[in-house]
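Participant: what follows is a predicted protein model with its sequence.
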Amino acid sequence: MSRTARILAAAGAAALLAACGGGGSTKSTVPQTPAQNQAPAPATASTSFKYLQGVLKRSTSTGPVQLGTMRVDVQMQLRSATALQQYAASVGDPQSGLYRHFLTPDEIGQRFGASDADWNAAIAYFKAAGLQVTGWKQKSVLRVVGPQPAMEKAFGTTFASYKGPGNADLYGPATTPHFSKPLAVHSVTNLVYSPSWMKRNSIAVPPHGAGPSFNYGVPPQQLAAAFDYAGAYAAGFTGRQINIGVIGTGPISPADYATLKQIVGLSNTNTITQVNVGTAAASEVGGSPTATPPPVTAPCSGTLPACNPEDIEAQIDTEQTASLAPSANVLFYLAYVPQECFDPNYPQSGNCGPHEKNYGPLIGINEVNDEVQQAINDNQADVISISYGIAEQYSDYTGQDETTYDPNGTEPVQFAMLQSEGIAVFVSSGDAGAQGCARPYYGTGPGVSSPDQPCVSAPAVDQNVTSVGGITAPLDESGRKIGPYTTWGVQTERGFGATGGGLSIAVPRPSWQTGPGVTGSFRNQPDASLDADPVTGVAVVYNAAFSGYGGIGAAGGTSVAAPEMAAMWALVLDACRATTSCTAKGSGTNPYRLGNAAPYFYKIYNDATLYPNTFLDIVDGSNGVRPCSVNPGSGTGYVPPCPNPSPTPDPGYKAGQGYDLTTGIGVPFGRHLIKAVVGV
Amino acid sequence: MRVRSVAYSCLLGVAVIGCGGGGGGGGSSGPVPGPTPTPPPTLATQSQSVGAAGGTVAVTLLAQTVNMIVPPGALNGTGNVSVTLYAPSSSPRAIRAAVRTPHGVGADASLVAEFTVTVSGAALIKPLHASVGAAAPPAGSIFRLAGYGTHFDDVDTVTYSGGTATSDLNVAWPRMSLASNTLYAFYTEPQAEAGSPAPVITVPSAGGTVGMFGTATFTASEADGNGFPYLDPSFTFSLDNAALGTISATTGVFTAGAIDASGHVVATDTTAGRGNPHGSGAVTVSSQRPGFAGDAFSYTGTLSSTTQQTNTNITTQPQTDTASVALSANVDPAFASSTGGGQNLVHSTEGDTYPLQTITTKTDSRYLYAVNGASANFSIVSSDAKDSNGAEYVDTYGAGNGLLDVLPEAAGSFGPNNAALTYNENDPAGFTRQRTTAATGSYSETDKDALGDVQTIVQNADFSGTYDASQYTGFKFVVAKPSGTPAKITMQISRNGGTPSTLSITSWIPAAMTQPSTETDTETTGASFPASCNVPSKYGTSGNKIVQTITRVDAPLGDLETETTSTYLAPGVGPVCVQMTDATNTYYDYTRQNGNFGLFYSNNAQPIQQTSITETLTLQSASTQGGTSTQSVRRSSSFAPSALAPVSLARARFEHVVRERLAGLRTLRRPSSSSGAQVR
């Protein structure tokens, strides 16, 4: 019998999950962390560091490039990345004495972050090169921003443009980058970058009024009814005193949520508060606070501050979380770069000038690490929703060689830190179906021998997040099923759309990910799913303040599912907060936090009684996709239009009984999830 | 006119004190010569033992003799019969001055003899005769015998013959004979005044109002005009209003009919020679319409829906969702219904508990209970069902529709209903739908979203129609009636007002159907309750069965639907089980749930989606007739139900579920960028 099975057997069929019962051995007031039990390996200062160099070997340089202002994230060597990962695992394990012994960002910095000497040395180095440096309490990442020449000086190289796999435009160092003196730096993110790689996991259609062909999607009330948020509301669990963080991918307008509420008749009084990254954290390194963003503008092309358009992904995320957790506060984290230029027509036009034409940064999406760092630093969000992704081969999980898991990579570290604070993170599994690496932009390479080989998206692949996939959920006006619930996949695909799912090639499968259908030794994703198909997409308002540009429209993608589930988890935390037996197992100022939700999901999954009373298993459909868009006119941007006849979709993965690589263990239902996790 | 005193007179041939002269004597005293004559006796008493064989007790006072004749069998054994005869003015009570009610002796009466009778030692079980020797009454006068008891007075007719006046014994006198201090008097009075009083027949009310199909036993009693009861009437019972129901002529057992009515139960004394006197008692039948205010019912059951996509893009497994159902209902005690029929209001609350969802629906249904000759039609008039998700359906049945039962129930067909119906749907998020359906099933529908945009759907009686979704998807579909051999449906599709394209679709509309909606309604008697109903044994195992089957075609939306409602009624209890099924084949999809097409359609008359919904409700307990009956046991009546109210609410509730399901496969709220139609 597995450990999980033993736990569940001991708990009994009707027993609560670990959040409120069982587990908890006697807590020490000062938990002994693995870091304290082990002598951390001393950081080794070096002039070299990891960066995404593998792809450059498969790319062709097209000459020097002018990038203007650049930004990179410098990941410091931690005292012990392994210890951090172990601690993160322990706080989520009911059998551990550290269960729910969450840390503050200061404690994280002191226990696991870079040493003060290493931290200060790196800051001094980059400042000496003429670069602006921002850091956070946890002493993990330095955000380094400055003009290209200063960046080239700091890294001892110049930058060139390349043609990469899938004919993607990218830039990277022309020669091997290095420091002029040894630093305890583990890796540097964004030295190699293509805007094609990172994508929002949303598919939006033009808003109502923008054309004759579109109308708005499923309003929050329908979703709430369909997936039993409504039952949680009826029980009084609405997300009270819970903060949901949304990692921003671009500007939002406060007018939009207000307009959504007005149109669909929501009476929610909760708020969406924007947190500007860097403003608070700059004092940690003595840098200048990031400037306050200018007002949001109508869709435009050009540079800040005159052009600062809304980002629909950010609107989806904030509106979904706020509307489905009607009492929760939404903290919208946005990294703002004054030098940013917006080009909605990328790559066809060049409104941002030659250096921005091909390389962005576009609409802030590659700033996301900074926003996560800010969330760790603030420790205010109880739940975080993330709706973007990149092929794991291009992420910090594999980094340098595109295949080897790197626990000290920026993303593995930052999500372990969030878990150590007890913050639950929900990440969209991607909209490229089984081709989570967003074919064709990865192509072939280490670990991916064929363009049709399945691959997965990061950071959904992380061990400390819940990977959220998507389904097609045809609903009636009351939120009842009017057609089969299926995997969001080829049968209703819009363009390149299907729920992301598959097997990591690098990230080990966490110990809690068990049960029938879970396979192999690497991370399986997604963990669970919610409505994502644009056909059954949700109502979202954007550009409401700009007549002729927006209104209410329908949006889909796993970007929709992730905030849906984050909102549901906020209801769970509300229930825990209101339940003494649940908070008694917690610690610190946020005893209601439960950490990553996924381990609870799998415990439910492995309980024959709880599972069918908490999750709906999705058994139909697949997440195979076509390598093109069948949606005429949508071939711009990421995916080219399909020829006629359209090619046969890749097989992808098929849904079936139990866990599968399309929808995970299925769809949670809010009120029942609360009962299963909190026991009330 | 009768007065309440008696004048004594000197009667011819009778020595009466105060009428002059001494002469005579008699009785037990002989003549006494001398100066001080012996006062005449004031009374004489004669007692003797009389057995069951009867006998005569004669007593003489002065020259007057009264005979008490004890007929054979008048006494239940041997007893003592004592008769006291009084001299004029010597009776123990002042008869002439007495004020008595309700009867008296006329002022023109002349006293002949006064006497009392006492029986001891045996019970008088038959009337006694009395006779007195007397001169013939004056011309124009007749003899009477008056009795003055403690509790009643009466006057018997007397036959005079041969110098003897003998009571007729046409009344029963047991109390006259036995009551202490009862005084009797033979007297004469003018014949014109003393006509034989008409018998009075009294029919007491048997509990007042009788409920529909309820029973009550009526009795009758007969007495003469002065209240002396007849012991030997032979009654026959009848009703003066056939609508009241039926009554046993011999036993007086009344069984109420099906409708409101008022009238009388008539009892007729058919004793020979009595002239068939009759009397009546009022009776009112109050139907329960069919349910008394305050009646309450409790049902449990299951609600199950199965949906399956069956097309080339995706064939799913049948997905079934089953809820346990608990339904409670009560007849509104405050709702003012009209007499003789009219409407009643039934409130119901149904909880559908799925493994992952609980939906509560509150339904108000109004039914009409209308007299139709000797029968009554039980029809649903309207229903207003609102679920916990905020969706509200208001159905109003048109003329010729809504008939649920005809009472009294009889095997065979009834109705049938037509399709006339209007419904208004109000959903959360501001969506409304209004449909007006004519008798044939043709309809016109207008849907409006929160922004005020509309789509319209029209179906004509010949299966042609229009689906205009211009404001939503830009599409407008014009459907022609099936034509040709084999039958084809021509559909013209235009977008954004452009030139329409034409599709020729293999007709899926059954050739046998001549209009979009047909219904059959039949009743079967002696039907066994199906095992699937699991009817509690206290309600028996068989009863009547009503089956209503509706076949609908929705030509513009592509639905072929069969809805069947089977209602099982236990004798004297009502509907103990209601089974409803709706099976719908869908041939068009405007929602892109089957692919990214403005219209996805079947071209081989095979459905692209199948949906079936079944609900079974079984009576568990009922409190009817305003709470006076628990219906906990099966009543003996062989008639049909006493409370049909649950039929109306069950039907209304089910309609809510079905309409919601079937509303799904249209385009509202669905995004679109489709390239047009696609065949399966």
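Facilitator: That came through, no problem.
Participant: so how many other residues sit close to the residue nearest to B:Asn418 when sequence neighbours are not counted?
Facilitator: Using C-beta to C-beta, 6 or more residues apart in numbering or on different chains and skipping the chain neighbours, the partner closest in space to B:Asn418 is B:Ala439 (3.8 Å). Every residue, glycine included, has its C-beta placed from N, CA and C. By the other C-beta atoms under 10 Å in any protein chain shown criterion, the neighbourhood of B:Ala439 contains 17 residues.
Participant: ok, now which ones touch B:Ile457?
Facilitator: B:435, B:443-445, B:447, B:465-468, B:556-557, B:666 (C-beta atoms under 8 Å, 6 or more residues apart in numbering or on different chains).
Participant: rerun that using 7 Å as the cut-off
Facilitator: With contact taken as C-beta atoms under 7 Å, 6 or more residues apart in numbering or on different chains, B:Ile457 is in contact with B:445, B:467, B:556-557.
Participant: mind checking the SS state of it?
Facilitator: Counting by DSSP: H, G, I helix; E, B strand; the rest coil, the backbone at B:Ile457 sits in strand.
Participant: that one bridge partners, please.
Facilitator: Applying DSSP bridges to B:Ile457 gives these bridge partners: B:Glu445, B:Tyr467.
Participant: and it, how far from A:Thr472?
Facilitator: Going from B:Ile457 to A:Thr472 by C-beta to C-beta, to the nearest Å gives 24 Å.
Participant: do A:Arg240 as well
Facilitator: A:Arg240 is 32 Å from A:Thr472, where distance means C-beta to C-beta.
Participant: more neighbours: which of the two?
Facilitator: Neighbour totals were compared for A:Arg240 and A:Thr472, and A:Thr472 leads with 29 against 19 (other C-beta under 10 Å).
Participant: who's in contact with the closest residue in space to the more buried one that isn't next to it in sequence?
Facilitator: Distances taken as C-beta to C-beta, 6+ apart place A:Asp533 nearest to A:Thr472, at 3.9 Å, with adjacent residues excluded. Listed by C-beta under 7 Å, 6+ apart, the contact partners of A:Asp533 are A:470-472, A:488, A:492, A:556.
Participant: give me the phi and psi for the residue of the stretch 251-400 of chain A found nearest chain B.
Facilitator: The shortest separation between the stretch 251-400 of chain A and chain B is 3.9 Å, found at A:Val264 (distances taken as C-beta to the nearest C-beta). Phi and psi for A:Val264, reported as degrees, to the nearest 10, are phi -90, psi 0.
Participant: run through the residues that contact A:Lys654.
Facilitator: For A:Lys654, the contact set (C-beta under 7 Å, 6+ apart) comprises A:622, A:660, A:662.
Participant: quick check: bridge partners of the first one?
Facilitator: This means A:Ser622. Taking DSSP bridges, one obtains A:Lys654 as the residues bridged to A:Ser622.
Participant: what's it in contact with, if anything?
Facilitator: For A:Ser622, the contact set (C-beta under 7 Å, 6+ apart) comprises A:487, A:489-490, A:651-655, A:662.
Participant: let's see that with 8 Å instead.
Facilitator: So, once contact is read as C-beta under 8 Å, 6+ apart, A:Ser622 ends up touching A:487, A:489-490, A:498, A:651-655, A:662.
Participant: could I get those as CSV with pLDDT and distance to A:Lys139?
Facilitator: Putting the contacts of A:Ser622 into CSV (pLDDT from 0 to 100; distance: C-beta to C-beta, whole Å) gives the following:
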residue, pLDDT, distance to A:Lys139
A:Thr487, 92, 42
A:Gly489, 84, 43
A:Val490, 72, 46
A:Ala498, 86, 40
A:Pro651, 77, 46
A:Gly652, 87, 41
A:Tyr653, 93, 40
A:Lys654, 93, 45
A:Ala655, 95, 43
A:Thr662, 96, 39
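Participant: so which of those are in strands?
Facilitator: The subset of these located in strands under the criterion DSSP state E comprises A:Thr487.
Participant: can you say which of the contacts of A:Ser622 are buried?
Facilitator: Neighbour counting over the contacts of A:Ser622 (16 or more other C-beta atoms under 10 Å in any protein chain shown) leaves A:487, A:489-490, A:498, A:652-655, A:662 as the buried ones.
Participant: pretty sure the residue nearest to B:Asn418 is in a strand, no?
Facilitator: No. For B:Ala439, which was evaluated using three-state DSSP, the result is coil, with no strand membership.
Participant: that one against B:Tyr397, yeah?
Facilitator: No. Under the contact definition of C-beta atoms under 8 Å, B:Ala439 does not touch B:Tyr397, with a separation of 11.2 Å.
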